[in-house]
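Novice: Sequence and predicted model, in that order:
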Amino acid sequence: MIKKAALLALVIILIMALFLVFGPGRVQGQGDLAILDSSVEAEFPFKLNFRLSARSDAPITDIRLHYTVDRESYAQVTSEASIEFMPDTTLDVQWDWDMRRTGGIPPGTGLEYWWTVQDAGGAKVESAPTRVYFDDNRYSWNSLTRDKVTIYWYEGNQAFAEELMSAAEQALEHLSEATGAYPLEPVRLYIYKSSQDLQGAMIFPQEWTGGVTFTRYGIIAIGIAPNELSWGRRTISHELTHLVVHQMTASPYGDLPVWLTEGLAMYNEGILEAGYVNLLKGAINRDSLLSVRSLSSPFSANPEESYLAYAQSYSLVEFLATTYGQGKMLELLTTFSQGNSYDAALGKVYGFNMDGLNSLWREYAAKRFGETRQTTAMPPSPVEVLRLVSRLLLDSELTAQRVGI
Ligand SMILES: [Zn+2]
């Protein structure tokens, strides 16, 4: 009985000792250094204002803000801001994360922050991490979630969001059938009612910006009015494909060839639009197709040439997917993400390099598109050219995101 009581006392002492070492507040050192208040306020899209109140018996000499942003990176990155102030026993300090200086982050980005405070007596305190979301609070957002996809919108009814969600679901299903790729991480789509509203969410908006895809954040922001459903469906399918393919293949080794990323995104939009088909037919008949090798680098800024580049990319992916099947396409994506060169990856998976693919695909395309004789291709309509320009710009944004800007 006495032994039991002694054992119990020992256990209690041990628990108390552990509590003192690891126990609440994570206060280290001496004195009564304490964080009295901590808060953050967002001024979307320009800044986050962090505030802290602290007091101690000895003058406070060091205050740091630490934060991590929810985005994909190959190593955990914690940013630190050292606050400038005159040492004192009672302090109210603030620090601005000014996005005009650092570049913006997308709407809805999550981050976690905490403070460390130290006084002249050597006492140190660390606050518990707090989560905050950098929401675009200019609008009241509705949301619709299915599986890994969430759509946020504020203009248009539930049916509008359902339409966009069905486009997203169909795109993911189609992508999975063609390549075996599926979203590894949640994807969030912010639907603004216009390009103007979207531009208000950006630090340095360009007047042509109609959408932005932030691959590292898993966030897409697009301006789609409720009466632009057909364009909206295609754009969502296209951009969602880019995000998912990026999630499946992201690696520090390098990117996929452009014809493959753009081809998958185009293929996933659905049937190739007539303007593209006509251009493809014309190029086959005039023998002016672009080589697979040249399509591996970013497309030309010349609208007609890039129009053809997108059409050929669609057709290349269609050729690989329908001739060799889903398993090979998935193998190709995986092989690229392991750091193989374009020629080596194709060689490993299909047994031909870019030139071999070029020859085989030309035969396929000649049969598929060349049979209907057409001496002059119909030029793309002004609406189609506008759409292409906005797509090119979306893709150039995407490239910027990929390289980590
Ligand atoms: Zn694209």
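Specialist: Alright, I've got the coordinates.
Novice: Any stretches of the stretch 201-350 of the chain with poor pLDDT?
Specialist: Along the stretch 201-350 of the chain, the model assigns pLDDT under 70 to residues 207-209, 252-254.
Novice: All the strands of it, residue numbers only.
Specialist: Counting by DSSP state E, counting those that start in this stretch, one finds strands in the stretch 201-350 of the chain at the ranges 211-214, 219-223.
Novice: The ones you listed: which one's closest to residue 282?
Specialist: Closest to residue 282 of the strands of the stretch 201-350 of the chain is strand 211-214 (Cβ to Cβ; 28.8 Å). Backbone N, C-alpha and C define where each C-beta goes, glycine included.
Novice: now the closest one: how far from the chain's centre is it?
Specialist: Centroid separation for strand 211-214 versus its chain: 8 Å, with Cα atoms, centre = their mean, to the nearest Å.
Novice: what are the bridge partners for residue 152, then?
Specialist: Residue 152 has these beta-bridge partners by DSSP bridges: residue 143, residue 190.
Novice: And it, how close does it get to residue 107?
Specialist: 8 Å (Cβ to Cβ, to the nearest Å).
Novice: Compare the two (neighbour count), which wins?
Specialist: Comparing residue 152 with residue 107 by other Cβ atoms under 10 Å, the one with more neighbours is residue 107, at 27 against 22.
Novice: That one: what secondary structure?
Specialist: coil (DSSP: H, G, I helix; E, B strand; the rest coil).
Novice: Provide a list of residues in contact with it.
Specialist: Going by Cβ atoms under 8 Å, 6 or more residues apart in numbering, residue 107 touches 44, 45, 134, 135, 136, 190, 201, 219, 221.
Novice: and which of those residues is nearest to residue 250?
Specialist: Distance to residue 250 across these (Cβ to Cβ) is lowest for residue 219, with 15.0 Å.
Novice: Report the residue spans of the stretch 1-150 of the chain with pLDDT below the cut-off.
Specialist: Residues of the stretch 1-150 of the chain meeting the criterion pLDDT under 70: 1-31, 74.
Novice: how about the residue in the stretch 51-200 of the chain that the ion sits nearest to, what does it touch?
Specialist: Closest to the ion within the stretch 51-200 of the chain is residue 171: 12.6 Å, counting by Cβ to the ion. Residue 171 makes contact with 236, 237, 240, 241, 268, 269, according to Cβ under 8 Å, 6+ apart.
Novice: do the same with residue 100
Specialist: By Cβ under 8 Å, 6+ apart, the residues touching residue 100 are 46, 47, 203.
Novice: and it, what element?
Specialist: Assigned by DSSP states H and E, residue 100 belongs to helix 99-102.
Novice: Isn't residue 265 up against residue 235?
Specialist: No - between residue 265 and residue 235 there is no contact under Cβ atoms under 8 Å: 10.0 Å.
Novice: between the two, who's got more neighbours?
Specialist: Ranked by neighbour count (other Cβ under 10 Å), residue 265 and residue 235 place residue 265 first, with 30 against 26.
Novice: where does that one sit relative to residue 51, distance-wise?
Specialist: As judged by Cβ to Cβ, residue 265 and residue 51 stand 43 Å apart.
Novice: repeat for residue 290
Specialist: 56 Å.
Novice: How about residue 180?
Specialist: Taken as Cβ to Cβ, the span from residue 180 to residue 51 is 49 Å.
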